[in-house]
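*Asks:* I need the structure of the sequence given here:
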Amino acid sequence: QVQLVESGGGLVQAGGSLRLSCAASGRIFSSYAMGWFRRAPGKEREFVAGINWSGVSTHSADSVKGRFTISRDNAKNTVYLQMNSLKPEDTAIYYCAASEYQFVTLDSDEYDYWGQGTQVTVSS
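*Replies:* All right, here's what the predicted structure looks like:
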């Protein structure tokens, strides 16, 4: 079992930045690929960014490419999402997830563990 706890969400003005953190406990963190997803009001959950077990390989959705960066620190059992140049359309609940697959995957069905989510609100 892996427990995931997100933090760092909040209210920010358009153009601002936030850094989300996801702390993991339980089984060996470094053996999992990690991902960030989000769900905006009235919309389906969507992939935001993913990172493989070592941190060497990452992938971001086109909507956030160049603005969001995913990273991980296996010594701290933590994955991060640095969000810059935030837009009102980035408003959503952001979830981190862990996949036993180890490699970056965009498919939410391939993630085995999920956090409770953290709210990000971007005002215009």
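*Asks:* what comes up buried for stretch 62-82?
*Replies:* Within stretch 62-82, the residues that count as buried by 16 or more other Cβ atoms under 10 Å are 64, 68, 69, 70, 72, 74, 77, 78, 79, 80, 81. (C-beta placed from N, C-alpha, C; glycine too.)
*Asks:* With stretch 112-124 instead?
*Replies:* For stretch 112-124, burial by neighbour count (16+ other Cβ under 10 Å) applies to 113, 114, 115, 117, 118, 120, 122.
*Asks:* just those residues now: which is nearest residue 14?
*Replies:* When the buried residues of stretch 112-124 are ranked by distance to residue 14 (Cβ to Cβ), residue 122 comes first, at 5.7 Å.
*Asks:* In CSV: the buried residues of stretch 62-82, plus pLDDT and distance to residue 106.
*Replies:* Listed next are these as CSV, based on pLDDT from 0 to 100; distance: Cβ to Cβ, whole Å:
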residue, pLDDT, distance to residue 106
64, 98, 13
68, 98, 14
69, 98, 17
70, 98, 12
72, 97, 17
74, 94, 22
77, 95, 23
78, 96, 22
79, 97, 16
80, 98, 19
81, 98, 15
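*Asks:* if we can go back for a sec, could you identify the pair within the buried residues of stretch 112-124 that is furthest apart?
*Replies:* By the measure Cβ to Cβ, 113 and 122 form the most distant pair in the buried residues of stretch 112-124, at 27.1 Å.
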